[in-house]
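S.K.: Fold the stuff below for me.
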Amino acid sequence: MSDIMRPLPFADLMRWCLDEYKAKGSVFGLDKDAFYVNRSGTQYVTPFGDKIASAIGPAAGPHGQLAQNIIVSYLAGSRFIELKTVQVMDGEAIRKAVAKPCINAEDEAYNCEWSTELTCEEAMDEYIKAWLAIKVLALEFGLSDGNDMAFNMSVGYDLKGIQTPKVNNFIEGLIDASDTQPFREGIAFLKGHVELFNNVRLEDIEAISPNICHSIALSTLHGCPPDEIERIASYLIKEKHLDTLVKCNPTMLGYERVRGMLDQLGYDYIAFPDKHFLQDLQYEDAVPMFNRLAALAREEGLVFGLKLSNTCPVDVKRNEVPSEEMYMSGRSLMPLTCNLALMLSKAFDGKLPISYAGGADALNVNELLKVGIGPVTVATTVLKPGGYRRFTQMAKVSEELLAPFTGLDVDGLESMVEALMNSPRMQKRWREKVGTRKTNSALPLFDCDKAPCSQGGCPIEQQIPEYNALVAAGDYDGAMRVIAIDNACPTITGILCAQPCREHCTRLDYDISLHMRDVKHVAAEHSQDAYTKKVKPVPLREGLKVAVVGAGPGGIAAAYYLRRNGVEVDVYEQRAASHGIVRYAIPSFRISEEDIDRDYRMAKAVGVRFFFNTKVEDPEALDEAYDYVILAVGAWGKGRSPVREGSDKVIDALEFLIDVKENGAKDLGRRVAIIGGGDVAMDAARTAKRMKGNPDVTIVYRRTEMYAPASQDEWDGAMADGVVWRELLAPRSYDGKTLVCERQKLGDFDESGRRACLGTGEYEELAFDTVIGATGSTVIGDMFDAWGIECDKWGNPYVSVAMESSIDGVYVIGDCRKGPSTVVSAMGDAKKAALDILDREELPNDFVRVEVALDEKDIVAKRGVLELPKAPEEEGQRCLHCSQVCRTCTEVCPNRANIAIHVDGFDREAQIVHIDGFCNECGNCATFCPHSGRPYKDKLTLFWSKEDFDDSDNIGFLKLEDGGYLVRDERGRILDVEEGALETALDDRMADVILALEEQEPWLFIGCSHDRE
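M.R.: Numbering: from 1, shown residues only. Coordinates of the predicted model:
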């Protein structure tokens, strides 16, 4: 495909908006339920005197580029609309200079784009078309009189370029569009088609002002000299008579300050040299210049202010975008921008207006408006799931704060900045160490709705959205029935689960992942005992017996799944009770014996037989007595020593936890060190903290907290208990009193996604009475040799995807397969093994999928709404139910290039179609698609021209002038399909989608009527 965007002529743009609204109650995919109306009557008066109905809007970026982007921004609640920057380098030249994909907004955002990819003339056309469309659509939809908004243009990057005819024509055309072709043609179309409207009169059209912009933002390249900035701003004020904003770079804060703030907040991995900090506009030059420009503006009867801030230039280190340098925005930019705002506000006693862009969203926009900063524009938040609908929430929550600009509250701003720097939301760890939410599933052409928390995030594919809905509705019995389908340990996982599901929860890209574990625990607490009492063993199938060796969570899960499906199962456990490490090592302050017994009773209830205090010593006899054997003995042996010298003086963490659980508190002395950064290290540290004398406990770790394998919850728990964290220290020796550590520094990122540890040659001596090593555990003994199971060089058994070992019918699951892991991971292994046994025996299974019917409108209404965690009983209300309605790719596309259409006959009614003519290959949909694919490449694509069809490899179709189609099918064949022959020439599903588009959304083919060649 091509990255060339194909703007719609005004007539087609209007017909699209009106036809879609009439047929579907939406405009470019934005449902009318998300249209914003200021019902309070409040007004925001900008520093330039614009009276607008909200103080928010799109920043001069991707959401202010095409006419439809601007229209949707307005409908959703934007009333201060920054138009994407234009410069002398435009169109094809700029497209060739911008590598694609150019946006990565996974957490903090990065991009390698800059000004519009349209020509200056095309950009002016788009902005004028959007202006005219909004004026009439606001009336037609009953949103306002159309005069409650302001457009702000943006130009760059030097005076010579700005004075060229094409940039000058752009500026003049937006100052007064009356003589421009797009304005004249647009007005003529509206006057000639008044009948298309119900609420727009001829006099309304005639009253539309051609004066689109009276304010402008100046954007300059890094390194632009101060005198050049002043010359351009003076030119815009004096010659163009425009209210003028100068966009400042966060580099004005200085390298050391920016580096320190980012390090403090956990963004130490963001790399940048001091080059731009030295070359960009300096504070000591900026303040007198801004004073002169403000005075000049006053002389001209205009307003001068600042736009804070530009993005921050940083180095590409992890292939974030295909460039050497990129521009950072989003939540990591916010502390920089706010500190810059404070610094400059102090210099001007709060009298210099500041228009804001830099990490704002619905949860912090009011803090900015309260201190007089505004308007507030955004890009990163609306690039994330929910997309333009996020504007609606921002407009609503800030409505009561709208007022005329009277200056900045400098003291209030200082307090806000202080709070901001201490806010958990500003810390990198707020995202809980999660990188991408994507899973490894291929993106299918059709039926792609997916709940990544369950499908790809959860090893047992727990039906999370379903039990979330049931718990939120108070149906705990129903939730328990759903949970028990896939989960053999509901209470244990409701308390201890590592929650890999949360790493894929769509809420992660909104606010914070759902606490699924807590929701599950609510159901288990209320209903598991009652559920267990009702369970009856199903009749046994004759002639099939399975032995499970080990009664840990994995072994019990395998037995539970199989016995529930009629398979006779015996579990052999050498210890006296069930659930292995959970019972014998996990501290009792985290989980009680009764909690563990609740899950044991559930396994007993389905008919699993347990033989405790029974060690399997004759594999051959067991193999003869049973059809299948599942080995689930765990990993109870010592891990590697964390020190090179003095390993005999270091206590193993697992042995320590088991000893304390069995024998009670120990005297560890005054000072205790825990070596390691995983969950076991956290448990050991918290347990040590509870020992006799309440010792001082320190965790010593060789990397930084960001790269520690411990889950965020466990790390937070240890810190809350008063454990001290020491990082970048690699233990080398311990003599019983002194732990010698080599100081480390972080190197480049390695294959694990973590930064490598590099020794510095500098050492530190730390006094500790006790050192506990938490560096993993191993399988005890030679079990695999006894069974004749082949292992790799590390002693791990070779297994199939179904967990079958090299010995037919013998499976290996859980910690003994790959080393210490989690309860839910062990159960995931168990489920695979159980399903394989049932499949081999040609037996059905009862892993049914439950659908909790929810109204699609109710699901969609949650999209774009940021909401912090609730009480466990209500937390499920935050679930976005992606398994029923995903459509993330349609939400995150700034250009509206992905649409959802309802088609009968599919597993999922809504199918995704990609519109090639709107796409510039920014790649944003690929970032947030829960599959491994890229919607802009992998989804069925509608083309508008033969040129674009030929320039693409996408599976897709082009409607021809004769009514037929040119189609590229799933096998890569190009088919010329005559009119009416789709159903016979194509796969039924592809034909059904194309026919549904023709019938339900004919406006999508508007672009095909124009010669694109």
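S.K.: Quick one: the helices in the stretch 251-400 of the chain, in order.
M.R.: Under the criterion DSSP state H, counting those that start in this stretch, helices of the stretch 251-400 of the chain are mapped to 255-264, 275-279, 283-299, 334-347, 365-370, 380-383, 389-398.
S.K.: how many other residues sit next to residue 973?
M.R.: Neighbourhood size, residue 973 [other C-beta atoms under 10 Å]: 8. Glycine gets a C-beta too; all of them are placed from N, C-alpha and C.
S.K.: Tell me, what's the model's pLDDT at it?
M.R.: Residue 973 is assigned a pLDDT of 95 by the prediction.
S.K.: what's it sitting at in phi/psi?
M.R.: When read as degrees, to the nearest 10, the backbone of residue 973 gives phi -80, psi 140.
S.K.: repeat for residue 349
M.R.: Dihedral angles (degrees, to the nearest 10) for residue 349: phi 50, psi 30.
S.K.: Need the pLDDT of the most centrally placed residue in the chain.
M.R.: In the chain, the centroid-proximal residue (C-alpha atoms, centre = their mean) is residue 509; its distance is 3.1 Å. Predicted confidence (pLDDT) for residue 509: 97.
S.K.: which residues does it contact?
M.R.: Listed by C-beta atoms under 8 Å, 6 or more residues apart in numbering, the contact set of residue 509 reads 384-385, 437, 928.
S.K.: Break the protein into its domains for me.
M.R.: With domains defined by automatic domain parsing, the chain comprises 27-430, 464-534+853-878, 545-631+779-840, 637-778, 888-1009.
S.K.: tell me the mean pLDDT for the third one?
M.R.: Regarding domain 545-631+779-840, the rounded mean pLDDT is 96.
S.K.: How far off centre is that domain?
M.R.: Relative to its chain's centre, domain 545-631+779-840 lies at 36 Å (C-alpha atoms, centre = their mean, to the nearest Å).
S.K.: Out of the helices of the stretch 251-400 of the chain, which is the most enclosed?
M.R.: For those, average neighbour numbers computed from mean count of other C-beta atoms under 10 Å are highest in helix 380-383, which has a mean of 29.
S.K.: I'd like to know how many residues surround residue 324.
M.R.: With other C-beta under 10 Å as criterion, residue 324 counts 9.
S.K.: quick one: it from residue 435, how far?
M.R.: Going from residue 324 to residue 435 by C-beta to C-beta, to the nearest Å gives 21 Å.
S.K.: related to what we said a few turns ago, could you export the contacts of residue 509 to a markdown table, including columns for pLDDT, neighbour count and distance to residue 419?
M.R.: Shown next, in a markdown table, are those (pLDDT from 0 to 100; neighbours: other C-beta atoms under 10 Å; distance: C-beta to C-beta, whole Å):
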| residue | pLDDT | neighbour count | distance to residue 419 |
| --- | --- | --- | --- |
| 384 | 99 | 26 | 24 |
| 385 | 99 | 24 | 27 |
| 437 | 94 | 25 | 29 |
| 928 | 98 | 23 | 30 |
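S.K.: export the residues you listed to TSV and tack on distance to residue 943?
M.R.: Listed next are the contacts of residue 509 as TSV, based on distance: C-beta to C-beta, whole Å:
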residue	distance to residue 943
384	28
385	27
437	30
928	24
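S.K.: what's the farthest-apart pair in those residues?
M.R.: 384 and 437 (10.7 Å; C-beta to C-beta).
S.K.: Common neighbours of the two, please.
M.R.: Common contacts of residue 384 and residue 437 (C-beta under 8 Å, 6+ apart): 509, 928.
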